[in-house]
Every structure is written in structure tokens, then in C-alpha cells.
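# any chance you can model this:
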Amino acid sequence: MNIEKQFETFLLISKKEFNIFVKDKLRNERIFENRLVFDRFDQDNEFKLLDKFLNENIFKIEKIIKNFVNNLVLIIDKKHDIKIGISFKNNNNGDILAKKDFYDVLKLFKNQIQENYKSWKIAHMIITKYIVDGNYYDNLPFNKKCNYFSLDVDFICFSKDYLRNIENVLNKYHIKIEHNLCANYVRNCFKNESIDLFSMSQKIIDGYNLNEIVLVPKFNKNKGFFEKFFNFFS
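From the prediction side, this is the model:
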């Protein structure tokens, strides 16, 4: 395994703490974790504190992994997100339900969100309901004739201004955000499992929720199943 792919770095930002965590994916073990817990959250100096926190930890991590930290997974546990739901019903005229019909609808949804919510960035895109001719499915039954099919999709988005402030701090350390994750969404996917937030987040990135369209940034050259079809770059 390429050493850069061997280690995954997570940064949690909440009103209670900053937490940076590094996992060795090859050995499936934690190799570094440090937290800054707030007695009182200082919103006015949040990004100065973040800069100081990273300065105290990034070089320690790089010394341990003997490599640069080039990207990380950002987990946000604060009220800087909105959830937007979209529904769509399509007349299929008794034709066979093709994958292209499905892909076109999802691309249309994504484009609508980007056009109408320009100050927000999509973090999660989750299909919450599939209905074909009045019947509910866990996923769309392709190669089946139908008259109608419909989809319900939820988008969880973060404020672009807030993300930009975080990116400006990370840029000082030449670090890019590989994934933006909403902590509440991640936790809700694992309500009945007693695992830590970082392990949950790794599973989400790896495709745990089969109804989530996984978004990757443009600098990530390794495209998953959905990206190959939809080109869903964040």
C-alpha cells in the first residue's frame, strides 16, 4: 500500500473540542490522537485557535508517519449545515427502467441544489425512497418495465463561507479537505453500534450507506462506482 494511502487523518470540529485523529488503515489501529477541549467556546477566535491546534499537531503526525499530511477528512459537529429534500416522479410509459434514467435524475437534483443554494456546499447526498409503480424498493429494480418511478433525495450541505475559513487555515499546512462529513448524519447511520465517531466516519467514506452518493473532491483521482457514472465532484 502506498504510504500516503496507508494513513487516514480526521479532524473533528465542534463547539466542545477540536480533535485530530490518525489511523493506520493497514494495521487497523490508531497511531495518533489529540484533543483540545473548550471550557467556553470562543467563536470570534475559532480559526486562530484552530491554526494553533494544527500547528501543535501536524508536524508531530508527520514525524510519526514519516510523510506529509496532504489531505484529511473534516467532520463538522456544529450548526453550519442545512438539509434539503427533493422529490421527483417520472412517467416511464411502460418502458424498461434503465440506469441512465436514474443517473439523469440524480445529476439534475445535484445541479438544482448547486444552482439554488450557491452559498452552500453539498456534503452528503442520500436517496431516502425508491418507488416504482406504487411499490417501495431498497434500490431501483433495473431492467423492469414500469409506468412510473420516483425518488426522494436528501442533501446535507455546509456553509461555503465556514468551509472557506477552515480551508484557509489548512492551506497554511498545504492540506486539502478530502471529505466533508456531518457528524449528526454519521452518528444516525450507526445508532445501534458502539463504535467511535472516527470509525463510523471511515465506514461512511467506504460506502457503508448504500443509498448515499459518495462525493469526492477533484484532486482525488480514485473514483468510486457512482463517480464514474455521475462525475459528482464536490
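
# residue ranges for the strands of this protein, please.
7-14, 17-24, 29-37, 71-77, 81-91, 120-132, 135-137, 148-159, 176-182 (DSSP state E).

# would you turn those into TSV with mean pLDDT?
Listed next are the strands of the chain as TSV, based on pLDDT from 0 to 100:
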stretch	mean pLDDT
strand 7-14	96
strand 17-24	96
strand 29-37	95
strand 71-77	97
strand 81-91	91
strand 120-132	94
strand 135-137	91
strand 148-159	94
strand 176-182	96
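
# what would these look like in a markdown table with mean neighbour count?
(Glycine included, C-beta is placed from N, CA and C.) Shown next, in a markdown table, are these (neighbours: other C-beta atoms under 10 Å):
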| stretch | mean neighbour count |
| --- | --- |
| strand 7-14 | 20 |
| strand 17-24 | 20 |
| strand 29-37 | 13 |
| strand 71-77 | 22 |
| strand 81-91 | 14 |
| strand 120-132 | 19 |
| strand 135-137 | 10 |
| strand 148-159 | 19 |
| strand 176-182 | 20 |
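
# burial measure for residue 175, as a count.
Neighbour count for residue 175, taken as other C-beta atoms under 10 Å: 20.

# looks like residue 183 contacts residue 197 (just checking).
Yes. In this structure, residue 183 is within contact of residue 197 by C-beta atoms under 8 Å, at 6.5 Å.

# pull the residues that contact stretch 183-200.
Under the criterion C-beta atoms under 8 Å, 6 or more residues apart in numbering, residues 10, 12, 14, 21, 23, 75-77, 81, 124, 126, 156, 201, 203-204, 208-209 lie in contact with stretch 183-200.

# same question, stretch 8-16
For stretch 8-16, contacts defined as C-beta under 8 Å, 6+ apart pick out 18-23, 25, 37-38, 41, 50, 61, 69, 71-78, 166, 183, 197-198, 201-202.

# and what of stretch 93-102?
The set of residues external to stretch 93-102 that reach it, using C-beta under 8 Å, 6+ apart, is 90, 92, 132, 140-147, 149, 151, 229.

# make it 7 Å
By C-beta atoms under 7 Å, 6 or more residues apart in numbering, the residues outside stretch 93-102 that reach it are 90, 132, 140-147, 149.

# what's the lowest-pLDDT member of those?
Lowest in pLDDT among the contacts of stretch 93-102 is residue 140, which has 76.

# list the contacts for it?
Residues in contact with residue 140 (C-beta under 7 Å, 6+ apart) are 97, 102, 130, 132, 149.

# swap the cut-off to 6 Å and go again
For residue 140, the contact set (C-beta atoms under 6 Å, 6 or more residues apart in numbering) comprises 102, 130.

# quick check: phi and psi at it.
In terms of degrees, to the nearest 10, the main-chain angles of residue 140 are phi -70, psi 130.

# show the pLDDT at residue 5.
Value for residue 5, per-residue pLDDT: 78.

# do you know how far it is from residue 33?
According to C-beta to C-beta, to the nearest Å, residue 5 stands 20 Å off from residue 33.

# ditto for residue 133
Taken as C-beta to C-beta, the span from residue 133 to residue 33 is 50 Å.

# cool, residue 153 as well?
Plainly put, residue 153 is 35 Å away from residue 33 if you go by C-beta to C-beta.

# next one: residue 137
From residue 137 over to residue 33 the distance is 41 Å, taken as C-beta to C-beta.
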